[in-house]
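In: Kindly return the folded structure for what I paste below:
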Amino acid sequence: MHSALHSPYWEGWIVAYFFVGGLAGGAYFIACLLDLIRHGSGRAITRAGWLIAFPASLICAVCLILDLGVPERFLHMVINIKAMMPTPKIHSPISIGSYIVLVFSGLAFVHFLRLMVDGGTLKGGIANLVRTLTSGTIGRVVSALGCVFGLLLAGYTAALLATTHYPAWKDSPLIGALFVASGVSTGLAAIALLLAARNEKMAGEAWSSLKRADNFAIIVEIAALVLMLVTLGGSAAPYLKPLTMGLLLGGTLLVGLLIPLLLQWKPAFAGAHASNSLTIGTALLILLGGLILRLVVVLAPQGFI
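Out: Numbering: from 1, shown residues only. Next comes the predicted model:
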């Protein structure tokens, strides 16, 4: 894939796509991983991740279409209108991204339907087909693909940035690790937020595992953020201005990472059950930090902030 995006002009819709896509990919990866290893005590986490992933993927598609301005342009990215056949353009990072969103959405839709089957709202032949696709060997294959495409969606946006001419994007290989870690962290936060909002009783090993996984993702994200800024050298200039540095250090590092890490340290390693209000507050801080991260990374090199 060559550098096809020389002078992108990306603003709000792409920031939203990067944020929601990372969140969706992270939540779906965790949900499919737990389903793949048949973690019985984590079924509530799996269901929450599946419930988040498909609607979030639709939001991603809408954001891409709105950024392109003309809906037909998104359609041209995935099919040849005349032949009505898939036409992936290997040389086009936008086309590859569109296919990642498309495949991810299809997989997430299957698991979303499984939730409807389990809830009794989907019956008959379609319900039997969904059970076949999400059970046994076939189900494990679908969940394995879900893990792969969840990580692809969470981290692909960094690869998209690397195809441009902006040094702040293309000169650091750590942006990919940063976006994947942030996607998993925000995805786990979204799952915790949903479970707490629904007052689901999450205690013991399943809840501790969720918190430990989130803490690990936060620690990786902190390391990736610091190392990215250090290794960029002079190319980090857009991130070192007073406003952008304040947003990164105050908004992402402190509010979105360090404070949540401290708040959920005990629930993670002592097996304690944090109150719903504390869980919701912590999750919102993580989501806010993830949003600020993408705002700065996308907008600062373009001179918007």
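In: Could you use CA atoms for every contact and neighbour count after this?
Out: Fine.
In: In a helix, Trp10, correct?
Out: No. Using DSSP: H, G, I helix; E, B strand; the rest coil, the assignment for Trp10 is coil, not a helix.
In: Look at it and report its pLDDT.
Out: What the model reports as pLDDT for Trp10 is 81.
In: just the one 3 residues further on next, same as before
Out: Here the pLDDT value assigned to Trp13 is 89.
In: surely it meets Leu66?
Out: Yes. Taking C-alpha atoms under 8 Å as the definition, Trp13 is a contact partner of Leu66 at 6.9 Å.
In: Look at these two and report which has more neighbours.
Out: Neighbour count, other C-alpha atoms under 10 Å: between Trp13 and Leu66, Trp13 has more, with 17 against 14.
In: Now for the more buried one: which residues touch it?
Out: Trp13 makes contacts with 63-64, 66-67, as judged by C-alpha atoms under 8 Å, 6 or more residues apart in numbering.
In: ok, of these, which one's closest to Leu188?
Out: Among the contacts of Trp13, Cys63 lies closest to Leu188 (C-alpha to C-alpha), at 22.0 Å.
In: Now do the SS call for that closest one.
Out: helix.
In: And the pLDDT for it?
Out: pLDDT, Cys63: 86.
In: quick one: it from Leu288, how far?
Out: According to C-alpha to C-alpha, to the nearest Å, Cys63 stands 19 Å off from Leu288.
In: quick one, which of the two is more surrounded?
Out: Set Cys63 next to Leu288 and count neighbours by other C-alpha under 10 Å: Cys63 wins out with 21 against 17.
In: Double-check the more buried one against Phe18; I have them as touching.
Out: No. Distance between Cys63 and Phe18: 9.4 Å, which falls outside the contact criterion (C-alpha under 8 Å).
In: how far does the helix or strand where Val298 lies sit from the chain's center?
Out: Assigned by DSSP states H and E, Val298 falls within helix 276-299. Helix 276-299 sits 12 Å away from the centroid of its parent chain (C-alpha atoms, centre = their mean, to the nearest Å).
In: Could you pull up the mean pLDDT of it?
Out: Helix 276-299 carries an average pLDDT of 93.
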